[in-house]
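A.B. asks: Curious how this folds, go ahead:
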Amino acid sequence: MKAIRPIAICVFRHAGRILVFRSQSPDTDADFFRPFGGGIEFGEAAEETIAREIEEELGETILDPVLLGVLENRFEYNGQPSHEHVFVFDAAFQNRELYGRGSIVGREDNGELLHGEWIDPSQTGAPLYPDGLQELLIASGRAPC
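C.D. replies: Got it, this is the predicted structure:
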């Protein structure tokens, strides 16, 4: 039986851009962008998840996480239907030096490298996931542009 996967992602904003990593769909080889974050563990609050995930993926501490909203994301990945409830946070890095870097390299639990880059979400040239993120940023009054 398939289950809905609860995840938390974090939007970091700087100079009209947001931090995302670029990935590819295994189904189409098409590029897409997504903010950093990951799965909520049983008994863990979404806010705790985003702090843990950013520490695990980027080795960094976050400050002042604010929940912007929750998105329901239904999609196909690797030929399989998927369903997520995505808790979207806005936060800041404790390490302010990260905002001056053109790219930031992170790592997934499986060792896969995540190449973070600052992008203008209205001009990505590739989809920004999860669906509805751009609209949520605008509706929350926290659009990066």
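A.B. asks: Where does Thr49 sit: helix, strand or coil?
C.D. replies: helix (DSSP: H, G, I helix; E, B strand; the rest coil).
A.B. asks: pLDDT at it, what is it?
C.D. replies: On pLDDT, Thr49 comes in at 98.
A.B. asks: Nearest residue to the residue nearest the centre of the chain in space, ignoring adjacent ones along the chain?
C.D. replies: Geometric centre of the chain, nearest residue: Pro35, 2.1 Å, by CA atoms, centre = their mean. Spatially, and ignoring its direct neighbours in sequence, Pro35 is nearest to Ile9 (4.3 Å; CB to CB, 6 or more residues apart in numbering). (Glycine included, C-beta is placed from N, CA and C.)
A.B. asks: looking at this, that neighbour is in a strand?
C.D. replies: Yes. Counting by three-state DSSP, Ile9 is part of a strand.
A.B. asks: Near it, how many other residues are there?
C.D. replies: Around Ile9 there are 25 other residues, counting by other CB atoms under 10 Å.
A.B. asks: Please tell me how far Trp118 sits from Val20.
C.D. replies: If you measure Trp118 against Val20 using CB to CB, to the nearest Å, the figure is 8 Å.
A.B. asks: All good on my end, thank you.
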